[in-house]
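Student: Okay, sequence plus prediction incoming.
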Amino acid sequence: MALCQQLAHALLAYYDKHARSLPWRGENDLYRIWISEIMLQQTGVSAVEKYYPKFLSHFPDVQTLAQAPLQSLLLHWQGLGYYQRAHHLHRAAHYIIQEWQGILPEERELWLKVPGVGPSTASAILAIGRNQPHAILDGNVKRVLARFLALQESIDGRSGQKILWQAAARLTSKIRPGDYAQAIMDLGATVCTRTQPRCDQCPWQMACVACNAGNPSAYPLRNTKKAKPNKCEVALLFYNSEDKFYFEQRSEKGLLASLWQPCSLPWSADRARPDAATIRSLVQESFAGHVEGAVELLTPVEHLFTHFKLTVYPYRFRVHRLFERAPYCWLPQVEWAQLPMATLHQKVMHSSLITKPLPG
DNA sequence: AATTCGTGGAC
DNA sequence: TGTCCAAGAAT
């Protein structure tokens, strides 16, 4: 146990010299720390830096967050990914006001009741915000500890994670757990990196089993991932006589939850791209719609999601009499630019308008 | 326990 | 080009 605290001390000494300067460092407002931890889930620091200040200026406290429309949260979240997090934040704000009169909890067990807050995030919030002695276990810590222990088990499996949690708890500083949590994440991000770890700069070099064995890059072990299937969609960019475009809102659950998009239909990945005539009959059959003028074939958009690859074939044309699928809206460009939309659909809409102005 | 959730940068 | 993966949680 004494050895563990020596290691913690060495890491803290490293941190005192080399800590990264980040917008959420030095905060003691649990609300602001909470927001940062949610944004940082599976998301790079450089991406979060672009969203964190704006989000906080629009939603400076729990009350503001709860009172804001979900669409407003999603708009400030768009492009950041994992949109369920924005839904969780909204639900969480209501929950905190309902159950705790808007006061953020100071106990880990209570934070675990908050939607979107799991074991590592709950620990991080109270370690960083209140210097409580909780251990975190994120991607950085898993990599650092797997190398430190030369862990022969996958960090994805139950047994491997159990070992890692125990190691994380033992190694955490009892005096400065908040700084320790940020220090070990910094270490993983800047020294114990995925490729080409800089072991010569590591405060744990002498005790690291993998480094002493000369093969730190062999760790961590991971489960084999299955291949990403190819999927395909047709995007129908309807516009009317007022040059307003048609949009639909996605389901409030699942992929890109509650975001807006042009009308989209699944298309078998092994079928060729449909031609103009096929699109005309498709619109007639599926929407009782009538295409006026030419069907424009726009540039296909490819997009990589976490577990599949998507190709979108966009088409643009004027329609007359359309069976609409609620929830929907017709908006001119200046207004649909304010709809929360995924990066994928921004790409689709962007290419369709910038490269080709509306005919007539 | 295994999947499902985005996006962009590094290599 | 493809592959990996980042302050994980929910289901």
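Tutor: Received it, and whenever you're ready, just let me know what you need. Numbering: from 1, shown residues only, chains lettered A, B, ... in the order given.

Student: For the rest of this, base every contact and every neighbour count on C-alpha atoms.
Tutor: Will do.

Student: and the next element down the chain from the helix or strand A:Gln284 falls within?
Tutor: Per DSSP states H and E, A:Gln284 falls inside helix A:276-287. The helix or strand immediately downstream of helix A:276-287 is strand A:290-297, counting by DSSP H and E.

Student: Show me what that next one is in contact with.
Tutor: With contacts defined as CA atoms under 8 Å, 6 or more residues apart in numbering, strand A:290-297 is touched by A:275-276, A:279-280, A:283-284, A:313-322.

Student: So what angle separates the directions of it and helix A:276-287?
Tutor: Strand A:290-297 and helix A:276-287 are oriented at 130 degrees to each other (axes from the mean of the first three to the mean of the last three CA atoms, to 10 degrees).

Student: Sheet-wise, list the partners of strand A:290-297 with their directions.
Tutor: Strand A:290-297 has these partner strands in its sheet, going by DSSP bridges: strand A:309-320 (antiparallel).

Student: So which elements touch the next helix or strand after the strand it pairs with?
Tutor: With elements assigned by DSSP H and E, the helix or strand that comes after strand A:309-320 is strand A:328-331. Packing partners of strand A:328-331 (3 or more CA pairs under 8 Å, 6 or more residues apart in numbering; DSSP states H and E): strand A:245-249.

Student: on that earlier part again, show me what counts as buried in the helix holding A:Gln284.
Tutor: Using 16 or more other CA atoms under 10 Å as the test for burial, helix A:276-287 gives A:Ile279, A:Arg280, A:Val283.

Student: Looking at the closest residue to the last one other than its chain neighbours now. What's its pLDDT?
Tutor: For A:Val283, ignoring the flanking residues on the chain, the nearest one in space by CA to CA, 6 or more residues apart in numbering is A:Gly289 at 5.5 Å. At A:Gly289, the model reports a pLDDT of 92.

Student: Roughly how far does A:Gly289 sit from A:Glu248?
Tutor: Using CA to CA, to the nearest Å, A:Gly289 is found at 16 Å from A:Glu248.

Student: in which helix or strand would I find A:Ser352?
Tutor: Going by DSSP H and E, A:Ser352 is in helix A:343-354.

Student: Quick check: mean pLDDT of that helix?
Tutor: Mean pLDDT, computed over helix A:343-354, is 88.

Student: Within range of DNA strand C, give me the residues from chain A.
Tutor: A:22, A:24-25, A:36-37, A:40-45, A:82, A:114-122, A:138-140, A:143, A:182, A:185-186, A:188-189, A:194, A:222, A:225, A:306 (CA under 7 Å from any atom of the strand).

Student: What helix or strand is the residue in chain A that DNA strand B sits nearest to located in?
Tutor: Taking CA to the nearest atom of the strand, DNA strand B has its nearest neighbour within chain A at A:Tyr82, 2.7 Å off. Using DSSP H and E, A:Tyr82 falls within no helix or strand.

Student: ok, it - contacts?
Tutor: Residues in contact with A:Tyr82 (CA under 8 Å, 6+ apart) are A:Leu256.

Student: Tell me the secondary structure of A:Ala93, please.
Tutor: Three-state call for A:Ala93 (DSSP: H, G, I helix; E, B strand; the rest coil): helix.

Student: any idea of the pLDDT on it?
Tutor: Looking at A:Ala93, its pLDDT is 98.

Student: does it really touch A:Val62, like I thought?
Tutor: Yes: under the criterion of CA atoms under 8 Å, A:Ala93 makes contact with A:Val62 at 5.6 Å.
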